[in-house]
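Undergrad: Build me a structure from this.
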Amino acid sequence: MDDKLNSIVQSLVQGTEAKKLNWQSTARKNELMLNLGHGSITVDSWEFEGEHGESMSLADISFLNNTGEIIERSVFSLAEDRQDYKQLMVLHNLARRNALKIDETLEGMLTEIQHMINT
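TA: Numbers count the residues shown, from 1 in each chain. So this is what the prediction gives:
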């Protein structure tokens, strides 16, 4: 991962952790999108079977312009780009939690359970 992409990914991680960025799910199963004024960013992860039957884990980050055209894309493999893959998966997992509002949903469920137990 080059320095510019690394800086972007780290900024996205920080902004997502701080709940200052709002990711959305897309029609693709594991793809998440962040809409910005200058375009959009997507992160995705998937697995497939390789030529020799081995399982391949991949993650990507794509940058789209305002017309939705991919202008830059980086793909990382767990097998070949382990550190970059892991770094991108940290972002992917945070973006997923953000888009699906997982923390808010679990907090609401906990509050509801506690209320039910205490009444």
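Undergrad: Near Trp46, how many other residues are there?
TA: 13 (other Cβ atoms under 10 Å). In this view, the C-beta of every residue, glycine as well, is placed from N, C-alpha and C.
Undergrad: And it, its phi and psi?
TA: phi -160, psi 160 (degrees, to the nearest 10).
Undergrad: Give me the most central residue, the chain.
TA: Nearest to the mean C-alpha position of the chain, by Cα atoms, centre = their mean, lies His92 at 2.2 Å.
Undergrad: Can you classify the closest residue to Arg28 other than its chain neighbours by secondary structure?
TA: Leaving aside its chain neighbours, Arg28 sits nearest to Asp44 (6.4 Å; criterion: Cβ to Cβ, 6 or more residues apart in numbering). When classified by DSSP: H, G, I helix; E, B strand; the rest coil, Asp44 comes out as strand.
Undergrad: Quick one: residues contacting Asp44.
TA: Neighbour list for Asp44: 28, 30-32, 59-60, 62, 92 [criterion: Cβ atoms under 8 Å, 6 or more residues apart in numbering].
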